[in-house]
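Peer 1: how would this look folded up:
(chains A and B)
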Amino acid sequence: MDNSEQRARLAANRLRQVWNWAGVVPFFLFAVMFLLLPSSSLFIKSFQDPAGNFTFDNLAEIFRRQSILDSYWLSIRISAVTAIAGGIFGFFLAFAITNKGIPAFLRPLITTFSGVASNFAGVPLAFAFIATLGRTGLLTVFVRDTLGFNIYDAGFNLYGFVGLSLTYLYFQFPLMLLIMAPALEGLRKEWREASENLGATGFQYWWYIGLPILLPSLLGTMLLLFGNAFGAYATAYALTGGTLPIVTILIGAQIRGDVLHNVGLGNALGLGMVVIMTISIGMYSWLQRRAERWLR
Amino acid sequence: MKQLRRNLWSWFWVLLGVLYFVVPLVTTFDFSLRKLRDQISLEAYVSAFSDPYFLPAFGLSILLAILTIIFGVLLVVPTAYWVHLRVPQVRPIMEFLTLLPFVIPAIVLVFGMIGTYSRPPLLLTTNFVTTVVLIVAGYIVLALPYLYRSVDAGLRSMDVRTLTEAAESLGANWVIILFQIILPNLRTALLSGALLTLATVVGEVTLASFLGLPTFGPYLFLLGQHKAYEPAALSIVSFAMTWAAMGVISILTRGRTDGGAVTAGH
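Peer 2: Reported below is the predicted structural model:
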């Protein structure tokens, strides 16, 4: 073959390669500017002292300050409680709408409603709960007037741990339902029939077949719920006015005006959140892939 | 007997779920009707809508949502198409980048954005127009997981290569391919994505309040500080909007079993 012809073809090929890559440049430019630069700003500042020198001090400070550890712990507890409670509730609800125990027309209604509720968050959700369970909320007043029982005297407080958890549950369990309903439908009828033919009871079917198959998506989705609650800011801020010191509220206060008196520490706080989110979402996607082995 | 027990069990959870869904809405609605003493009226709604600050804030939110949708689609669709057709080897990177917003909460994202863009050489936060650019970029980032994924799934379900080659052999250039062939085939995915973006951007608080834009979210929050009935009325309105958006999405995607779309704006 002619040498120059070969070279020309190689050049054309390379040109096409370059052209191919050029097509994804705008997106990567966007990702660098608004995703990677902001994240690396956080990352770099977490390792800088006020003079700009490299230091591990900010990360060490997280573990030294009791108030910060308490914040993380509070966030983790709220996220875990709402993930587990919302997960169980959502699972049973998904089970209820997929097992033909209720009229068929209710199913799309509940699914759509779950789509709405899982996206109905932030300020309006907080206001709805204040109007319901606040000190003068209609449900609070109703229970007080009809049952003579004041839930606030009994220790309930909408603006604390329990109240925020109840509010988060409003978007947590619908999310669980949305993900678990298709998974439950993935359980084949044949498996149930086969186990019944072999003499298994309903309990045995669930304990030895149903649950083990669903377990990865069950746990995975709960991890997703955990992350969902862990990163929430607007709902908590609107509900408590920033008085309940979860991590996102603390970061918000830090952005407003360096309340920690340490810029590096503020960034390290954000970095810590990203680390916890990465662990929970990473485990979620790993479990989700495992779940797909059986549920296709 | 077994069937009866299963039905009771189902009904129990469904009733509990419906109560949890409905009670806060009914009480909020009821509350929003009680602005005038001893009578039921829509006074709170009238008063909320006639507030001179309401319309500008709401209008700005709608504008931001529309900009987010337009630029998000212009960014995501050509890229996803191109990755499918020409550079499939970057798909893992795309998966990673579009999952990243999941692990970066909005509050952390805005923190990083302020850290990057609030001082020279990249000063964007002091000017209204550049702040709008910044917040729209932030909203696109938050929308990336569901927008990219639904477009990617849409492209997978059609034969992109054959469609493209057929169009090319008939003399179409890439603009025509993208706008007359790819986009129309993605309309379900794009419409759902757009409606979801609309529903979440309009009520968004975190980015808007820290970047200092007077949108509907911060407006509603401030209203809640000094009014009682109007915020309840506007909460009902924004619930109705979310409901309308999700209702249309569920009609569009009827018959599909992919768990539905989920955003990260809490």
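
Peer 1: Find the centremost residue of the chain, please.
Peer 2: All of this refers to chain A. Central residue of chain A (Cα atoms, centre = their mean): A:N228, 1.7 Å from the mean position.

Peer 1: Actually, chain B is the one I wanted.
Peer 2: Nearest to the mean C-alpha position of chain B, by Cα atoms, centre = their mean, lies B:T197 at 2.1 Å.

Peer 1: and that one, helix, strand or coil?
Peer 2: Under DSSP: H, G, I helix; E, B strand; the rest coil, B:T197 falls in the helix class.

Peer 1: is it true that it touches B:V141?
Peer 2: No: using Cβ atoms under 8 Å, B:T197 makes no contact with B:V141, being 11.8 Å away. Yep, even glycine has a C-beta here, placed from its N, CA and C like the rest.

Peer 1: is any part of stretch B:37-47 close to chain A?
Peer 2: No: taking Cβ under 8 Å from any Cβ of the partner chain as the criterion, stretch B:37-47 and chain A are apart, separated by no less than 11.4 Å.

Peer 1: Format the CA atom coordinates belonging to that stretch as PDB.
Peer 2: What follows is stretch B:37-47 as a C-alpha-only set of coordinates in PDB (Å, rounded to 0.1, in the frame of the first residue of the first chain):
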ATOM      1  CA  ARG B  37     -62.900  34.800  62.200                       C
ATOM      2  CA  ASP B  38     -65.900  32.400  62.500                       C
ATOM      3  CA  GLN B  39     -66.300  31.900  58.800                       C
ATOM      4  CA  ILE B  40     -64.900  29.800  55.900                       C
ATOM      5  CA  SER B  41     -63.400  32.000  53.200                       C
ATOM      6  CA  LEU B  42     -60.700  32.100  50.600                       C
ATOM      7  CA  GLU B  43     -59.500  35.400  52.100                       C
ATOM      8  CA  ALA B  44     -56.000  33.900  52.700                       C
ATOM      9  CA  TYR B  45     -55.600  33.000  49.000                       C
ATOM     10  CA  VAL B  46     -56.800  36.500  47.900                       C
ATOM     11  CA  SER B  47     -54.500  38.100  50.300                       C
END
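
Peer 1: Buried residues, that stretch. List them.
Peer 2: By 16 or more other Cβ atoms under 10 Å in any protein chain shown, the buried positions in stretch B:37-47 come out as B:E43, B:A44, B:Y45.

Peer 1: and what of stretch A:206-220?
Peer 2: Buried residues in stretch A:206-220, counting neighbours by 16+ other Cβ under 10 Å, are found at A:W206, A:I209, A:G210, A:I213, A:L214, A:P216, A:S217, A:L218, A:L219, A:G220.

Peer 1: Can you give the contact residues for it?
Peer 2: Residues outside stretch A:206-220 that contact it (Cβ atoms under 8 Å, 6 or more residues apart in numbering or on different chains) are A:87, A:91, A:179-180, A:183-184, A:187, A:191-192, A:195, A:200, A:283-288, A:290-291, A:294-295.

Peer 1: pLDDT at B:T263, what is it?
Peer 2: At B:T263, the model reports a pLDDT of 54.

Peer 1: Ok, B:R254 next?
Peer 2: With respect to pLDDT, B:R254 scores 68.

Peer 1: Endpoint to endpoint, stretch A:41-54 covers what distance?
Peer 2: Across stretch A:41-54, the straight-line distance between its terminal residues is 14 Å, by Cα to Cα, to the nearest Å.

Peer 1: do that stretch and chain B meet?
Peer 2: Yes: applying Cβ under 8 Å from any Cβ, one finds that stretch A:41-54 is in contact with chain B at A:S41, A:L42, A:K45.

Peer 1: ok, then the element right after the longest helix along chain A?
Peer 2: Selection of the longest helix in chain A by residue count, based on DSSP state H, yields helix A:66-98. Sequence-wise, the next helix or strand downstream of helix A:66-98 (DSSP states H and E) is helix A:106-119.

Peer 1: near chain A, which residues of the stretch 51-200 of chain B?
Peer 2: Residues of the stretch 51-200 of chain B that fall close to chain A, judged by Cβ under 8 Å from any Cβ: B:75-76, B:78-79, B:82-83, B:86-87, B:90, B:94, B:97, B:99-116, B:134, B:137-138, B:140-141, B:196, B:199-200.

Peer 1: leaving aside the residues next to it on the chain, what's closest to B:F210?
Peer 2: Leaving aside its chain neighbours, B:F210 sits nearest to B:V110 (4.6 Å; criterion: Cβ to Cβ, 6 or more residues apart in numbering or on different chains).

Peer 1: Return the alpha-carbon coordinates of the strand or helix carrying that neighbour using CSV.
Peer 2: Using DSSP H and E, B:V110 sits within helix B:106-117. The C-alpha coordinates for helix B:106-117 follow below in CSV (Å, rounded to 0.1, in the frame of the first residue of the first chain):
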residue,chain,number,x,y,z
ALA,B,106,-27.7,20.9,47.8
ILE,B,107,-26.4,22.8,50.8
VAL,B,108,-22.9,21.4,50.3
LEU,B,109,-23.1,22.2,46.5
VAL,B,110,-24.1,25.8,47.2
PHE,B,111,-21.3,26.0,49.8
GLY,B,112,-18.8,24.9,47.2
MET,B,113,-20.2,27.2,44.6
ILE,B,114,-19.9,30.2,46.9
GLY,B,115,-16.4,29.1,47.8
THR,B,116,-15.5,29.0,44.1
TYR,B,117,-17.4,31.9,42.6
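
Peer 1: for that helix, what is the average pLDDT?
Peer 2: The pLDDT scores in helix B:106-117 average 92.

Peer 1: which of the residues in it are buried?
Peer 2: Across helix B:106-117, burial judged by 16+ other Cβ under 10 Å covers B:A106, B:I107, B:V108, B:L109, B:V110, B:F111, B:G112, B:M113, B:I114, B:G115, B:T116, B:Y117.

Peer 1: Repeat that for stretch A:184-193.
Peer 2: A:L184, A:G186, A:L187, A:R192.

Peer 1: Once you drop chain neighbours, what's closest to the third one?
Peer 2: By the measure of Cβ to Cβ, 6+ apart, the closest residue to A:L187 outside its immediate chain neighbours is A:G210, 6.1 Å from it.

Peer 1: quick one: the residue nearest to B:F210 from A:Y237, how far?
Peer 2: Between B:V110 and A:Y237 the computed distance is 13 Å (Cβ to Cβ, to the nearest Å).

Peer 1: Could you list which residues are in contact with the closest residue to chain B within the stretch 51-200 of chain A?
Peer 2: Going by Cβ to the nearest Cβ, chain B is nearest to A:G101 of the stretch 51-200 of chain A, at 2.9 Å. Residues near A:G101 by Cβ under 8 Å, 6+ apart: B:R6, B:N7, B:W9, B:S10, B:W11.

Peer 1: Between those, which sits nearest chain A?
Peer 2: B:S10 (2.9 Å).

Peer 1: does the residue nearest to the centre of chain A really touch A:F173, like I thought?
Peer 2: No: shown here, A:N228 and A:F173 do not form a contact pair, counting by Cβ under 8 Å, at 11.2 Å.

Peer 1: Inside strands: which ones of the residues of stretch A:41-54 next to chain B?
Peer 2: In strands, judged by DSSP state E, none of those are found.

Peer 1: in which helix or strand would I find the residue nearest to the centre of chain A?
Peer 2: In this assignment (DSSP H and E), A:N228 forms part of helix A:211-230.

Peer 1: what about that helix, average pLDDT?
Peer 2: What helix A:211-230 shows for mean pLDDT is 92.
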